[in-house]
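J.: quick one: sequence and predicted model below, then my questions.
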Amino acid sequence: MQRLQDRVAVITGAGSGIGLATARRFAEEGAKVVCVDLDEPSGAKAADEVGGLFVKADVTSEDDVVRMYQTAFDAYGSVDIAFNNAGISPPDDDSILETGLDAWRRVQEVNLTSVYLCCKHVIPYMRRQGKGSIINTASFVAVMGSATSQISYTASKGGVLAMSRELGVQFAREGIRVNALCPGPVNTPLLQELFAKDPERAQRRLVHIPVGRFAEATEIAAAVAFLASDDASFITGSEFLVDGGISGA
Ligand code: NAI
């Protein structure tokens, strides 16, 4: 019997990076995976690869979020795991003095409001089932801040962390665990894009990572699979750091 045998998992941002690696890992561990992404080709490819379902959805749209959980439930009869992971990187100059209100709002919308919508609409399924595991992707910057000027991004992830803690506490007695995943820098298209714009930024980051390298998405996926599984049955409301030691340095 595998750890996630027949659990129904909905993953947002499943077409790329951490979401894609987690879709693969969940499937390996026996889960039925619903891959959600705004980008149809990559999301559909991921679903095809893991033998799951693809739902094209924009996680900033409440109608889309309602539809994606309904689709998962209609197809498989439960929603056991929600990995609320879709997100975007900071805008080009994200210092407090330069970031415009539109850019700020866009980052909050995609990174934070989306998590609010996902939690709001998945919890009723989990309540009825009397169990569930929600993992929300925050970031190490939510815990320690960032010297590289990314105020809207850091604030959005801080919000994800606080919301996860609050919900973890609030729903603990109902068998629903809610944790914030806080990855350090991970070698994904999101990070590669950021570093392509500012190569020195990569070097500055690397210096501060005690293990001396960026994470691979598979290493983050392993932690998500743990949090999703019953092995993590006493872990809720946590900030779960998978950061190569960066927050302790
Ligand atoms: P990625 O860019 O490789 O993948 C993100 C996926 O989310 C893409 O497939 C994209 O199409 C999808 N997406 C974006 N906006 C969407 C929307 N409105 N609706 C539905 N799907 C949408 O990024 P990566 O690196 O895998 O990041 C995943 C999460 O991890 C993000 O929340 C990111 O902020 C967070 N994170 C990433 C770190 C890194 O170093 N890569 C470090 C810490 C946190």
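T.: Cool, got the structure.

J.: which stretches of this structure have low pLDDT?
T.: Within the chain, the stretches with pLDDT under 70 are 1.

J.: just say helix, strand or coil for V59.
T.: Counting by DSSP: H, G, I helix; E, B strand; the rest coil, the backbone at V59 sits in coil.

J.: got the contact list for it?
T.: By CB atoms under 8 Å, 6 or more residues apart in numbering, the contact list for V59 reads T12, G13, V36, L38, V65, N84, A86, V110, S114, L117, C118. Bear in mind the C-beta positions are built from the backbone N, C-alpha and C, glycine included.

J.: again with S61
T.: Applying CB under 8 Å, 6+ apart, no residues qualify as near S61.

J.: so how far is the ligand from it?
T.: S61 sits 8 Å away from the ligand, going by CB to the nearest ligand atom, to the nearest Å.

J.: what is the strand or helix carrying E200 packed up against?
T.: Using DSSP states H and E, E200 maps to helix 199-207. Here helix 199-207 touches helix 189-197, going by 3 or more CB pairs under 8 Å, 6 or more residues apart in numbering; DSSP states H and E.

J.: how far off helix 199-207 does the helix it packs on point, in degrees?
T.: Between the axes of helix 189-197 and helix 199-207, defined by axes from the mean of the first three to the mean of the last three CA atoms, to 10 degrees, the angle is 120 degrees.

J.: which residues touch the following helix or strand past the helix holding E200?
T.: Later in the chain than helix 199-207, the nearest helix or strand by DSSP H and E is helix 217-228. Applying CB under 8 Å, 6+ apart, the set of residues contacting helix 217-228 from outside is 3-4, 7, 9, 17-18, 20-22, 24-26, 29, 31, 81, 83, 133, 135, 177, 179, 181, 183, 186-188, 232, 235, 240, 242.

J.: filter the residues you listed down to the ones near the ligand?
T.: Restricting these to those near the ligand by CB under 6 Å from any ligand atom leaves G17, I18, P183, V186, T188.

J.: follow-up on the earlier one: just the buried members of the contacts of helix 217-228?
T.: Using 16 or more other CB atoms under 10 Å as the burial test, the contacts of helix 217-228 include 3-4, 7, 9, 17-18, 20-22, 24-26, 29, 31, 81, 83, 133, 135, 177, 179, 181, 183, 186-188, 232, 240, 242 as buried.

J.: what does this structure put close to the ligand?
T.: Residues of the chain lying near the ligand (CB under 6 Å from any ligand atom): 12-13, 15-19, 37-39, 42, 57-60, 85-88, 110, 137, 139, 183, 185-186, 188-191.

J.: which of the residues you listed fall within helices?
T.: Those of the residues of the chain next to the ligand mapping onto helices are G17, I18, G19, S42, P189, L190, L191, per DSSP state H.

J.: thought V122 was touching V10, still the case?
T.: Yes - in this structure, V10 is within contact of V122 by CB atoms under 8 Å, at 7.2 Å.

J.: which of those two has more neighbours?
T.: The neighbour comparison of V10 against V122 (other CB atoms under 10 Å) goes to V10, with 30 against 24.
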